[in-house]
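Visitor: just to be clear, the model below is a prediction. Sequence and coordinates:
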Amino acid sequence: NGILVQGVAGATGTVVHGGYPLRTNRCFYVTHTNAVVDGFTMTGGRKDYGGGAYLNGGVWFLNSTIASNQSTVLGGGVYGYRCGGLSNCMVVANTAVQDGGGVSLREGGVVADCSLVGNTARTDGGGAECTDGGRTGPIAAPVASAPARGRQGDRDDLGLAVGAGGVVVGGIRRPIPLVF
């Protein structure tokens, strides 16, 4: 059976705060083959994989805002491993020490109809990093995340890193210049 976790007041009125800097917790850790998390703002999370959320096993995040989270490894906003993905989400101002400042997807998952703005990563994919079957597209708004710093050959000017079976599907526009 499926599981639905829904914010009663939508993303603007239902906020889950990870407690950083007083604590190092992520906002959501969901492992289920048929789960949907809908209508939350996730902020203030800090963890190794997925500062805002860790998704595993077919989980979908819908209609949510993932903002101002930090990862000490991958996926500042969201880390997804063999997950469903994100749809109609705002992914804003998240950071990762390695890859996927906004989102890191491994072995499946999709980022669709989402806005990726102001996210950063030290190595690959300031906005999103998708490998081994992870994919993006179409992106709802221009990807305006800062480019990753480090291995320049593994990213493009859209702040996306795609490799080893990752896919970018059409609908991505040029970034809007941001001042940081």
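Guide: Structure received.
Visitor: list the contacts of Val73.
Guide: Counting by C-beta atoms under 8 Å, 6 or more residues apart in numbering, Val73 makes contact with Asp48, Tyr49, Ala96, Val97, Gln98. In this view, the C-beta of every residue, glycine as well, is placed from N, C-alpha and C.
Visitor: measure it to His17 for me?
Guide: 21 Å (C-beta to C-beta, to the nearest Å).
Visitor: ok, Gln98 next?
Guide: 24 Å.
Visitor: neighbour-wise, which of these two wins?
Guide: Higher neighbour count among Gln98 and His17: Gln98, with 21 against 14, using other C-beta atoms under 10 Å.
Visitor: so the more buried one sits in a helix?
Guide: No. Assessed with DSSP: H, G, I helix; E, B strand; the rest coil, Gln98 is coil; it does not lie in a helix.
Visitor: check the residue nearest to the spatial centre of the chain and give its pLDDT.
Guide: When C-alpha atoms, centre = their mean is applied to the chain, the residue found nearest the centroid is Val103 (2.6 Å). On the pLDDT scale, Val103 is placed at 92.
Visitor: okay but it is in contact with Ala112, surely?
Guide: No. Assessed by C-beta atoms under 8 Å, Val103 is found out of contact with Ala112, at 11.3 Å.
Visitor: could you pull out the residues contacting both of these two?
Guide: Shared contacts of Val103 and Ala112, defined by C-beta under 8 Å, 6+ apart, are found at Leu86.
Visitor: surely Gly44 meets Arg23?
Guide: No. Gly44 is not in contact with Arg23 according to C-beta under 8 Å; the separation is 9.1 Å.
Visitor: where does the chain have low pLDDT?
Guide: For the chain, the stretches with pLDDT under 70 are 133-180.
Visitor: show me the helices in it, by range?
Guide: 10-13 (DSSP state H).
Visitor: out of the contacts of Val73, which comes closest to Val117?
Guide: Of all the contacts of Val73, Val117 sits closest to Ala96, with 15.2 Å by C-beta to C-beta.
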